[in-house]
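Asks: Just need the structure, nothing else, for what follows:
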Amino acid sequence: MTEPSAPAPAPTDPLEPWPDTVDWRPVSRSLITVELINRTIWVVVVLGALTVGWVMTGHWSWPTAMAAVLAAAVWRSLVTVRAVKAWGYAERDNDLLVRHGLVIRRLSIVPYARMQFVDVTAGPLERAFHLATVQLHTAAAATDAKIPGLPPAEASRLRDRLTALGEDRAEGL
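Replies: Numbers count the residues shown, from 1 in each chain. Next comes the predicted model:
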């Protein structure tokens, strides 16, 4: 006689639904490179403006501001690597889960029936690295979820699947 299988353990962490029952998918690690290039562009622009201010006035505070910008950029760049690794999504029967964040962690659970539309976007830098972002929209703006750093084929697959599931549920899309 076989014993009945034990039910899945209850969640012990409010940000981890039903441990060991959710198959989390990571975003592409190429998103790290895209984020670092974006940051570098902004730092160069800001440092250029601060350099102009320093040349025009010669005041000591300009180099201090430049050092602060560089320090913040280095810190944020180090954090970016971990932040990208924190992104993940999981498809379940009735909803999509999206998690991200390091200090302030966030778990969004979006029921397929509540989705109104799905956006897929890719800026020039994302396209250069063969990435796209899938954005889900619901009636409540606070429940919108996005998944950056997806390969275009995965973004298309996810878009089509979410659209089909939303139509099946007859409330959204």
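
Asks: so where's this structure shaky on pLDDT?
Replies: 1-20, 141-144, 169-173 (pLDDT under 70).

Asks: how about the helices of it, start to end?
Replies: 30-57, 61-86, 124-128, 152-168 (DSSP state H).

Asks: quick one: the third one to chain centroid distance?
Replies: Just to be clear, that refers to helix 124-128. Helix 124-128 sits 16 Å away from the centroid of its parent chain (Cα atoms, centre = their mean, to the nearest Å).

Asks: domains of this structure?
Replies: Domain segmentation of the chain under automatic domain parsing yields 30-83, 89-168.

Asks: rewinding a little: ok, which of the helices of the chain comes nearest residue 21?
Replies: With respect to residue 21, and counting by Cβ to Cβ, the nearest of the helices of the chain is helix 152-168 at 19.1 Å. For the C-beta atoms, the positions are set from N, CA and C on the backbone; glycine is no exception.

Asks: Residues contacting that closest one, please?
Replies: Applying Cβ atoms under 8 Å, 6 or more residues apart in numbering, the contact partners of helix 152-168 are 91, 96, 112-113, 115, 118, 120, 122, 130-134, 136, 147, 150, 172-173.

Asks: Just the buried subset of those residues, please.
Replies: Buried subset of the contacts of helix 152-168 (neighbour count, 16 or more other Cβ atoms under 10 Å): 96, 112-113, 115, 118, 122, 131-134, 136, 147, 150, 172-173.

Asks: picking that back up, in CSV, list the domains of the chain along with distance to residue 21.
Replies: Shown next, in CSV, are those (distance: least, Cβ to Cβ, whole Å):
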stretch, distance to residue 21
domain 30-83, 25
domain 89-168, 9
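
Asks: between these, which gets nearest to residue 23?
Replies: With Cβ to Cβ as the criterion, residue 23 lies closest to domain 89-168 of the domains of the chain, at 5.8 Å.

Asks: end to end, how far does the closest one reach?
Replies: 21 Å (Cα to Cα, to the nearest Å).

Asks: Give me the distance between it and the centre of its chain.
Replies: For domain 89-168, the separation from the chain centroid amounts to 9 Å (computed by Cα atoms, centre = their mean).

Asks: Tell me the spacing between residue 109 and residue 138.
Replies: From residue 109 across to residue 138, the span is 11 Å (Cβ to Cβ, to the nearest Å).

Asks: out of these two, which sits in the more crowded spot?
Replies: Using other Cβ atoms under 10 Å as the criterion, residue 109 and residue 138 rank with residue 138 on top: 19 against 16.

Asks: Please look at that one and residue 116 and confirm they touch.
Replies: Yes: applying Cβ atoms under 8 Å as the test, residue 138 and residue 116 come out as touching, 5.9 Å apart.
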